[in-house]
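Student: A structural model of the following input is requested.
(chains A, B, C and D)
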There are 2 protein chains.
Amino acid sequence: MLTIGQLAAYAGVTARAVRHYHQIGLLPEPERDASGYRRYGAKAVVALIKIRTLANAGVPLSQIGQMLEADASTFAEAVRRIDSHLRDEIERLETSREQIAQLAAGDSLALPPEVVFYLDRLREIGVSERMVEAERDGWILVAARWPERVREFMPGKLAQLDDPRLVRLYEVLSELVESDEGDDDPRLREAADLMAGMAEQAYTSGEINFGEMAYDDLSFDLLDALAVESDPRAQRMLDLMRERGWAGWTRLKRLAEPPDS
Amino acid sequence: MLTIGQLAAYAGVTARAVRHYHQIGLLPEPERDASGYRRYGAKAVVALIKIRTLANAGVPLSQIGQMLEADASTFAEAVRRIDSHLRDEIERLETSREQIAQLAAGDSLALPPEVVFYLDRLREIGVSERMVEAERDGWILVAARWPERVREFMPGKLAQLDDPRLVRLYEVLSELVESDEGDDDPRLREAADLMAGMAEQAYTSGEINFGEMAYDDLSFDLLDALAVESDPRAQRMLDLMRERGWAGWTRLKRLAEPPDS
DNA sequence: GCTTGACCTTGACGCTGCGTCAACCCTTCA
DNA sequence: TGAAGGGTTGACGCAGCGTCAAGGTCAAGC
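Tutor: Take a look at the predicted model:
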């Protein structure tokens, strides 16, 4: 006859776990010896091993009792459910691993590699680290909102980096972020002019930034808001752009009638 | 500005979860508006998404805060730990799946396929279902004790089935299990004679059942006990074997001086 | 016979990551 | 004007045990 500790050791669990199974009625309480100790026979070992086998497979304890009592076909059905659940779980963990792997690589954190690549390009062309971080945070929002489509945006974005005006824009913005001149920094105007010029060209040539996308103002408002939260001078930029006939910041919209041009 | 519900929706979680993160200090409490509602900016969205990314990878909430604050190398180190943890977890689930698959197949439940095959062979030679179940339970114990070695036993066991005496023995035991004649069933003697004969031969020819295995009386006692618990007449069998000079049931041991021969 | 240490007993609280009331307040819209 | 659909705090519930606490027992050695 076994004590609870021996029983538990045999099945590779703790005595506490065995008591727990008694409490919830999963394993029947055995006889007690003269001093009140639980005494187990071999059948309890077998029962306990069966319980652990199912529990290890992720079956909730509350279902294991019914499963062990069920007839063959019910049991088989339950097994199918468990197996598909395990498959799902494994898949979930594997996607997690992929994310984590990217995360290890650089600033990723839930960003697809294309975006990471774009951020690295920014670094290469001399964009300051803080500016890159601001961009990254923006892309985190975009990736969260359109996880399927974010990769599609990137080739276009990369191509835009060939435009020296954009490079200059990033350069000016980098300087701005690093300095703290306040709202009357003249570079704000330079940046606004660059943006307006590029927007104008894109507009007349018929390309619009995030083109046909189901328009979802909230998300872009959020992006604009993010910029302002990161650096209050972004608000000033928004105003300057508005003077030049554009609303919004991350997604530019032609104003019906430029108020001040 | 976002309400808690909008923030939560953006990151794909519930408002309750966000409040939880506030409670444990993982996400800072935002400003409140005039009516006491929490109001969130875009940075909160980014922070929340980062939190979820790590949480989905299985990082405990209690560590996420430190990770997000840590410097790059500490972070990378943590990521490595997480990744290896994920690998382990995936592996665990995959072994579970294998077990579950066998479990679906037949009477398995934590039994390697070789043992299942052996049990099927028993059915083919006409061993009764209840007897097979008794065998199965025994093998569950064996597999729990020597998970690495149990497969090695099986070829030998299968080979033994070629001995017509063993087949006869199983036949007699099957009949015994199905009947309930009590301790004076003459078939008990026949079974004991068969076992003793085979044991004698194995002994003189130098083969001993579980040969050189680190002897572990407890486990075999447990197997004997299992038999007795399944059918009390097994105790009678043990006595009859003892009369014939053998101790034990699942592992036979020559007695020093046969007490009654 | 006494101590020591390793077991056993019940009972109770702790942990994670929220879900789910309850009881109430705010805002908005028909 | 009232009903719907947000928000607020506070509290308990859940699984599957871990981990005390406060004892009672058992086997061994002195």
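Student: around the nearest residue to A:G65 once chain neighbours are set aside, how many other residues sit close by?
Tutor: Leaving aside its chain neighbours, A:G65 sits nearest to A:L26 (5.3 Å; criterion: C-beta to C-beta, 6 or more residues apart in numbering or on different chains). Bear in mind the C-beta positions are built from the backbone N, C-alpha and C, glycine included. Residues near A:L26, counting by other C-beta atoms under 10 Å in any protein chain shown, number 18.
Student: A:L26 touches A:I51, doesn't it?
Tutor: Yes: taking contacts as C-beta atoms under 8 Å, A:L26 lies within contact range of A:I51: 6.3 Å.
Student: residues shared between the contacts of those two?
Tutor: A:L61, A:I64 (C-beta atoms under 8 Å, 6 or more residues apart in numbering or on different chains).
Student: tell me which element the residue of the stretch 1-150 of chain A found nearest DNA strand C is part of?
Tutor: Among the residues of the stretch 1-150 of chain A, A:G5 lies nearest to DNA strand C; the distance is 2.6 Å by C-beta to the nearest atom of the strand. Applying DSSP states H and E as the criterion places A:G5 in helix A:4-11.
Student: the very next helix or strand once past that helix versus helix A:4-11: what angle between them?
Tutor: On the C-terminal side of helix A:4-11, the nearest following helix or strand under DSSP H and E is helix A:15-23. Orientation note: helix A:15-23 sits at an angle of 100 degrees relative to helix A:4-11 (axes from the mean of the first three to the mean of the last three C-alpha atoms, to 10 degrees).
Student: could you see whether chain B lies near the helix or strand following helix A:15-23?
Tutor: The helix or strand immediately downstream of helix A:15-23 is helix A:42-56, counting by DSSP H and E. Yes: on the criterion C-beta under 8 Å from any C-beta of the partner chain, helix A:42-56 is in touch with chain B at A:A42, A:K43, A:V45, A:V46, A:I49, A:K50, A:T53, A:N56.
Student: how about the contacts made by the residue nearest to A:G65?
Tutor: A:I51, A:L61, A:I64, A:G65.
Student: could you pull out the strands for the stretch 151-261 of chain A?
Tutor: A:246-247, A:253-254 (DSSP state E, counting those that start in this stretch).
Student: show me what contacts A:E181?
Tutor: So A:E181 contacts A:R187 (C-beta under 8 Å, 6+ apart).
Student: just the pLDDT at it, thanks.
Tutor: You'll see A:E181 listed with a pLDDT of 82.
Student: quick one: list the elements packing against the lengthiest helix in chain A.
Tutor: When chain A is parsed with DSSP state H, its longest helix is helix A:72-105. On a contact count with 3 or more C-beta pairs under 8 Å, 6 or more residues apart in numbering or on different chains; DSSP states H and E, helix A:72-105 meets helix A:61-69, helix A:113-124, helix B:42-56, helix B:72-105.
Student: and the residue of the stretch 101-250 of chain A nearest DNA strand D?
Tutor: Relative to DNA strand D, the nearest point of the stretch 101-250 of chain A is A:L218 (13.8 Å; C-beta to the nearest atom of the strand).
Student: for the stretch 1-150 of chain A, give me the ranges with low pLDDT.
Tutor: Within the stretch 1-150 of chain A, the ranges that satisfy pLDDT under 70 run A:102-110.
Student: nearest to chain B: which residue in it?
Tutor: Using C-beta to the nearest C-beta, the point where the stretch 1-150 of chain A gets nearest to chain B is A:A42, with a distance of 3.4 Å.
Student: please consider this matter closed, and thank you.
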